[in-house]
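Colleague: Quick one, what's the 3D model for this:
(one chain, ligands or ions: 1)
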Amino acid sequence: MEFFLNDFSKGIFIENYRFVSMVTLSEYLRQCAVEEGLQKIIFAFASAASEIADALQRVDAGFTGEKNVYGEEQLALDVLSDRIVQKALQSTGVVGLIASEELPDQVQFGNGPYAVAYDPLDGSSLVDVNLSVGTIFGIYKSDHFIGLCGDDQIASGCIVYGPKTTLLLTVKAGVCECAYDRKNKNFFLSKERLFIKETGKMFAPGNLRATKFREDYVELMEYWMREQYTLRYSGGMVPDINQIILKGKGIFTYPGYIEAPHGKLRLLVECNPMALLVEQAQGKATDGVRRILEKKITELTLRTPIYIGSKSEVENAENFLHSA
Ligand code: P6P
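Modeller: Alright, predicted model coming up:
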């Protein structure tokens, strides 16, 4: 079935999204009447994405000998990607505050009206085995982060550095995918109105080490295997959740357990942006009990367990969980 998506191009409806062609990212943002300052920030991430994609091809993924605020070894690529994003955001002139997974604290850029939280290269340890990695970002119209929650984001997105470089984006008007065209050095809208169906037998179970301490997580795993779910876990939150949104089904989990009750993933720079994308695609994201987007940002480094994907799959997982 074909129908005109808008006055730019024909849209061909596929199972859970519309395929679009020849619409640039800037045309899409104008179509969505996105305010100019927010457009500048989104273009900054698009520009940073092309630079990071190039860097991934040519820069050694060696360690810097430094650790980030979470005590994780920093790769040269982590630091380089952070610098690329910072430079791009600074050049917009509208970003007042940033928080990066690679920086020990938030950084005041000036008095621009926007605050941007990001993980410049999530899953960077996968680069040296040539697996897909990503950039995650959440944008707020604010001069602070502490006290806000994920629902306060006005936009979020993630960039997947895989066989293609793609951007999943929401400005709270649904979710679209844009693909980077190296020849034209531009992002073109490739999919629009992405949505996640209620159920879907695909699972991305993180932190399986928790099964040593959590019988409920064992029971959930056994359920997925008994019901012959398809396993799709890469070790990268961005490609794994990107897959759930594009396939329109499935669940990604990363629980806490006794040694790390809040799990590993960061609320501000990872879970909030991904949760907004999934909810805008009609999915669900909780910590096993509460919506991720309702959780107050009490500290920049706050971690949270996360169950995210098809609504019924998340609710089914919650039924197995005696504690998040
Ligand atoms: P584990 C990558 O380091 C990351 O932050 C997420 O992208 C990913 O989902 C998770 O950690 C992987 O964690 O414990 O499986 O190595």
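Colleague: And the residue in the stretch 201-324 of the chain that the ligand sits nearest to, what's its pLDDT?
Modeller: Proximity of the stretch 201-324 of the chain to the ligand (CB to the nearest ligand atom) peaks at Met237, 3.3 Å away. Backbone N, C-alpha and C define where each C-beta goes, glycine included. Per-residue pLDDT puts Met237 at 98.
Colleague: I'd like the numbering to begin with 317 instead of 1 from here.
Modeller: From this message on, residue numbering opens at 317, which makes the last subject Met553.
Colleague: Looks like it contacts Val585 (just checking).
Modeller: No. Counting by CB atoms under 8 Å, Met553 sits too far from Val585 to count as a contact (10.9 Å).
Colleague: just for the stretch 417-566 of the chain, where's the confidence low?
Modeller: The model of the stretch 417-566 of the chain has no residue with pLDDT under 70.
Colleague: domain assignment for the protein?
Modeller: Domains of the chain are assigned by automatic domain parsing as 318-507, 518-636.
Colleague: Please work out which of those domains is packed deepest.
Modeller: domain 518-636 (a mean of 20; mean count of other CB atoms under 10 Å).
Colleague: From start to finish, how long is it in a straight line?
Modeller: 17 Å (CA to CA, to the nearest Å).
Colleague: Now do the contacts for Gly566.
Modeller: If a contact means CB atoms under 8 Å, 6 or more residues apart in numbering, then Gly566 has 516-520, 548, 559-560, 625-626, 629 as its contacts.
Colleague: repeat that for 7 Å
Modeller: 516, 518-520, 548, 560, 625-626, 629 (CB atoms under 7 Å, 6 or more residues apart in numbering).
Colleague: With Ile608 instead?
Modeller: 466, 587-588, 591, 601-602, 620, 622.
Colleague: These in strands, which ones?
Modeller: Counting by DSSP state E, the contacts of Ile608 place 601-602, 622 in strands.
Colleague: For Ile368, pull up the helix or strand it's in.
Modeller: Assigning secondary structure by DSSP states H and E places Ile368 in helix 352-374.
Colleague: The residue of the stretch 517-640 of the chain closest to the ligand against Asp438, yeah?
Modeller: Yes. Contact criterion CB atoms under 7 Å: Met553 and Asp438 qualify, at 5.9 Å.
Colleague: Common neighbours of the two, please.
Modeller: Between them, Met553 and Asp438 share the contacting residues Glu586, judged by CB under 7 Å, 6+ apart.
Colleague: How about Gln598, nearest residue that isn't a chain neighbour?
Modeller: Spatial nearest neighbour of Gln598, excluding adjacent residues (CB to CB, 6 or more residues apart in numbering): Phe511 at 4.5 Å.
Colleague: So which of the contacts of Gly566 sit within strands?
Modeller: 518-520, 625.
Colleague: Distance to the ligand added to these, as JSON lines?
Modeller: Converted to JSON lines, the ones in strands among the contacts of Gly566 look like this (distance: CB to the nearest ligand atom, whole Å):
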{"residue": "Met518", "distance to the ligand": "15"}
{"residue": "Phe519", "distance to the ligand": "13"}
{"residue": "Ala520", "distance to the ligand": "8"}
{"residue": "Gly625", "distance to the ligand": "13"}
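Colleague: Pull up the residues of the stretch 317-466 of the chain that are close to the ligand.
Modeller: Within the stretch 317-466 of the chain, the positions near the ligand by CB under 6 Å from any ligand atom are 438-439.
Colleague: Ramachandran coordinates for the single nearest residue of the stretch 317-466 of the chain relative to the ligand?
Modeller: In the stretch 317-466 of the chain, no residue comes nearer to the ligand than Gly439, which is 4.1 Å away by CB to the nearest ligand atom. As for Gly439, its main-chain torsions (degrees, to the nearest 10) stand at phi 80, psi 20.
Colleague: Over to the one 10 residues further on?
Modeller: Dihedral angles of Val449 (phi, psi; degrees, to the nearest 10) stand at phi -130, psi -180.
Colleague: so who does it touch?
Modeller: Val449 makes contacts with 437-440, 442-443, 477, 552, 554, as judged by CB under 7 Å, 6+ apart.
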